[in-house]
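>>> take this sequence and fold it.
(one chain, ligands or ions: 1)
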Amino acid sequence: MAASPKPASFFESSEAGAADRELQRKLENASTRHLDHFAHVKAEYSDYEEERSQSRRIKEHAIAHLDELIVELTGKLKARGCAVFAAATVEEARDYIVNVARNTGSRRVVKGKSMTTEEIGLNPALENAGMEVLETDLGEYIVQLRQEPPSHIITPAIHLSKEDIGALFHEKFGIPYTSEPERLTAEARARLREGFLSADLGVTGVNFAIAETGTLVVIENEGNGRMSSTMPEVFIAVMGIEKVIPRLADVSHFLEVLARTATGQKLTTYTNFIGGPRREGEVDGPREMHVVILDNGRSTMLADPVMREALYCIRCGACLNVCPVYRHIGGHAYRSPYPGPIGSIVSPNLVGSAAGHLPFASTLCGACKDICPVKIDIPRILLHLRWKESARRDLPKWPAPAARARAGARQFARLARHPSAIRLLGKLGAIALKPFARDGWIKRMPPPFSNWTGIRDFPRPRPRRRKIGADED
Ligand code: SF4
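Numbering: from 1, shown residues only. Okay, here's the model as predicted:
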């Protein structure tokens, strides 16, 4: 089951996603399940809103003092025996990791789930250097078998059903077809276990890096992060600069909100506190440990007073679950390691101008802001990025339907400056459209208005001005 070739642009890939009803059914099922669990655990926890506010305050402080905290973290990590590398770009990060792998004679690499390693394109770099790379998070393992990227930052295989996975395992492993999750998980577990036992190098991401103690926190549900960071002789942790937090006591607030919003759990199954390589007299843990701290455009975000708020993100993925656009087109359509609302604001900085369209892929409904555990005002940042993108001289070429919609919006903006003309048009429209209305809605209109009614209903225009709050007639 090879992955389908990548479409050429965001417009094409989002159009393909929007036409895929089966994809929407899978996303709807999975997102609704996450949100139901979240609503349940949130209702049980009376201090949730206070924890959310406290998490926000900690992030505000951490990002405002990022330079000092990175210096403190680096010093503490080195004192614990770690090698620390500050990578300004994805190339620097990749080269460093590949060199560590080569210098330590590593052939087999096991990876815990890490969006930052997706961002730097680590797997192809290691494979090009002759190494075998095994993703050990179950969802990541599944998408790796399909040779495609993750489509969600927390649930990488959210676009697949258990039947899809059963067919994939049947094809790849030659086992009898089954769609029973327990049997599929057992099959993957047995194969991953072999990978852990033979790996020379482990790589994971980092959820939080505590400056006060030089401790890295990796949270997960499958134990694969713990095994990737402790079983191989060499371990590399990869983190963005924004993952640093000041104190050990801060972690508990994030653990409370992250598990709830990410997966609807009260706490994730494994919370790993990693405090350096194996010390004298210890029998397990890696012999050598490296920490790669990546910038890649984050300093530019820090310098922008509106964008810096995006660095508060703790990658819970909840904004994807509530986003009507993500749920309609799926994660692959964004063509960035970070899809959905958070992807639309960080990708233009992390991936570059190829992601310049993404801030426009939003209805600005605000559901992302409402659910965000650190209260990031995503709609405000989206508007800021739209303004910046529109101010560019080399504007991207919009496809014909989007260009027509933009031209129409510009004309409407001109018209909207004349309230009397709007009123007159409203009256004429109400008369002209009356024959098309049924029960207060218009479901079909002649061209060019059929562009609208082809995908959504239109409320019947009313001839009289109505006061807000007046009863429906
Ligand atoms: S922006 Fe907020 S809701 Fe979205 S992934 Fe980040 S922390 Fe979660």
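>>> okay, CA-based contacts and neighbour counts for the rest of this
OK.
>>> could you grab the helix/strand/coil label for residue 273?
Classification of residue 273 using DSSP: H, G, I helix; E, B strand; the rest coil returns strand.
>>> residue contacts, it?
Counting by Cα atoms under 8 Å, 6 or more residues apart in numbering, residue 273 touches 215-218.
>>> swap in residue 295?
86-89, 240-241.
>>> which of those fall in strands?
86-87, 240 (DSSP state E).
>>> can I get the buried part of these as one ChimeraX selection?
Buried residues within the ones in strands among the contacts of residue 295, by 16 or more other Cα atoms under 10 Å, are selected in ChimeraX with:
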select :86,87,240
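>>> could I get the ones in strands among the contacts of residue 295 as JSON lines with pLDDT and distance to the ligand?
Listed next are the ones in strands among the contacts of residue 295 as JSON lines, based on pLDDT from 0 to 100; distance: Cα to the nearest ligand atom, whole Å:
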{"residue": "86", "pLDDT": "98", "distance to the ligand": "23"}
{"residue": "87", "pLDDT": "98", "distance to the ligand": "22"}
{"residue": "240", "pLDDT": "98", "distance to the ligand": "14"}
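>>> show me which pair in the contacts of residue 295 is furthest apart.
Distances among the contacts of residue 295 were taken as Cα to Cα; the most separated pair is 89 and 241, at 11.9 Å.
>>> between those two, which one's more packed in?
residue 241 (22 against 14; other Cα atoms under 10 Å).
>>> for that one, what are its contacts?
Residue 241 touches 66, 70, 293-295, 298, counting by Cα under 8 Å, 6+ apart.
>>> between those residues, which sits nearest residue 419?
residue 298 (44.5 Å).
>>> next, that closest one: phi, psi?
Dihedral pair for residue 298: phi -70, psi -30, per degrees, to the nearest 10.
>>> numbering from 842 from now on, please.
Yep, numbering from 842; the last one is residue 1139 now.
>>> isn't it up against residue 1193?
No. With contact defined as Cα atoms under 8 Å, residue 1139 does not count as touching residue 1193 (11.9 Å).
>>> the two: which is more packed in?
residue 1139 (20 against 11).
>>> tell me the contacts of the more buried one?
Taking Cα under 8 Å, 6+ apart, we find residue 1139 in contact with 1081-1083, 1152, 1190-1191.
>>> in the stretch 1142-1291 of the chain, where is pLDDT below threshold?
Scanning the stretch 1142-1291 of the chain for pLDDT under 70 picks out 1234-1240, 1242-1243.
>>> quick one: name whatever helix or strand follows the longest helix along the chain.
Within the chain, and with DSSP state H defining each element, the longest helix by residue count is helix 862-885. The helix or strand immediately downstream of helix 862-885 is helix 889-905, counting by DSSP states H and E.
>>> about what we covered before: which of the contacts of residue 1114 ranks first by neighbour count?
Neighbour counts for these peak at residue 1057, which has 25 neighbours (criterion: other Cα under 10 Å).
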